[in-house]
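Engineer: When you get a sec, could you give me coordinates for this:
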Amino acid sequence: MNTIADKIKYALFIIVFTVSGFTMSKERLGGYFYYNSLNFQMFKMALVFFAVWLVTFINRDNYKKISTFESICINIIIAIYTFDYFVTGFGGNLPFYKWWWLATIFVLCFAYFIGSHFYETQNRGLYFRKFWISFLPTYLVSFFIVFIRTPADHLTTNFKIGKGMLQFIPYIIKHADDSEVLFNVIGNILFFVPVAFITKAIAPKIKTHQIMFIGVLIPFFVEGYQYIFKCGDVDVDDIIVNISGFILGLLLMKIDYLILDKVNHHPSNSSNNLLRNSG
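Structural biologist: This next block holds a predicted model:
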């Protein structure tokens, strides 16, 4: 990366990626960082996605440098987010605002992951494994914040399918402007999509049925924890929604690996491929 154009593109990536990672939605900040409606929040997330995807795409010839920067930067961002969540509260005084910031960080990572599919690297399996391992701290912090609550004496339960979270789906269709309900339902689906990708990155030789066992077990662990320590809402619908998100992620992972496997076995690419071990 010696040309001035390459340096400008790399600098642009650094700026866009960093600013996107600190895109908050706080009630006391103004302008871009203010939360005033669901539509504005969706617009900001779409803007973050498009901007990060674009700067990732145009840096496809500089993938080694931006890969290193992304791995370091995303972990710095989540470290600052964690400190702010538990200590300073600058990113929002209510969990609702803090979770929007966390959701934006997820959008940032997703946009980068999609954009990086255009990289002309011969060992894509190793490259994407590096991405998901670098994403792991972000996911673990998010999992802890969202699901591992303080033991308490308040607990609600629902063991009838369709009487818990699933009953909100018709409500969302009629009241799409209710951002909190929408965020809760959609978030419970999308949150479990990365599980298969992360598991495969940590253990490349793991088989599909083993990934399925882990993915199905996690929602039961979450609800079991909340039931034992009486903190939150134990809902069979939550388990169904969470497992649905995991299965969606597993299918996307298999499709993604099949596509990348074909690319890596193309005559113009190296036959050295870590994705052969896909279970």
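Engineer: Low-confidence ranges, the chain, go.
Structural biologist: Residues of the chain meeting the criterion pLDDT under 70: 1-2, 27-28, 119-123, 171-173, 175-183, 261-279.
Engineer: need the strands for it, in chain order.
Structural biologist: Counting by DSSP state E, the chain has strands at residues 154-158, 231-235.
Engineer: How about residues contacting the first one?
Structural biologist: The set of residues external to strand 154-158 that reach it, using CB atoms under 8 Å, 6 or more residues apart in numbering, is 164, 226-227, 230-237. The C-beta positions use only the backbone N, C-alpha and C, and glycine is treated the same way.
Engineer: Could I have the buried ones of those as ChimeraX selection syntax?
Structural biologist: A single ChimeraX command is used to select the members of the contacts of strand 154-158 judged buried by 16 or more other CB atoms under 10 Å:
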select :164,226,231,232,233,234,235,236,237
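Engineer: ok, back up a step: what's the closest of the strands of the chain to Leu54?
Structural biologist: strand 231-235 (39.1 Å; CB to CB).
Engineer: what two of the contacts of strand 154-158 are the furthest from one another?
Structural biologist: Spanning the widest gap among those are Lys230 and Asp237, at 19.1 Å by CB to CB.
Engineer: Quick check, Tyr127 in contact with Phe118.
Structural biologist: No - using CB atoms under 8 Å, Tyr127 is not in contact with Phe118, being 11.9 Å away.
Engineer: With neighbour numbers in mind, choose between those two.
Structural biologist: Comparing Tyr127 with Phe118 by other CB atoms under 10 Å, the one with more neighbours is Tyr127, at 17 against 14.
Engineer: ok so, going back, just the contacts of strand 154-158 now: which is nearest Leu94?
Structural biologist: Closest to Leu94 out of those is Gly232 (17.1 Å), distances taken as CB to CB.
Engineer: which residue packs closest to that closest one, ignoring adjacent ones?
Structural biologist: Of all residues not flanking Gly232 in the chain, Gln226 sits nearest, at 4.3 Å (CB to CB, 6 or more residues apart in numbering).
Engineer: Quick check, central residue of this protein?
Structural biologist: Phe106 (3.8 Å; CA atoms, centre = their mean).
Engineer: what about that one, distance to Phe113?
Structural biologist: Distance, Phe106 to Phe113, by CB to CB, to the nearest Å: 11 Å.
Engineer: Just the buried positions in stretch 43-62, please.
Structural biologist: 44-45, 48-49, 51-53, 55-56, 58-60, 62.
Engineer: got CSV for these, with distance to Asn75 too?
Structural biologist: Output for the buried residues of stretch 43-62, formatted as CSV (distance: CB to CB, whole Å):
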residue, distance to Asn75
Lys44, 23
Met45, 21
Val48, 18
Phe49, 20
Ala51, 21
Val52, 16
Trp53, 21
Val55, 19
Thr56, 18
Ile58, 24
Asn59, 20
Arg60, 23
Asn62, 20
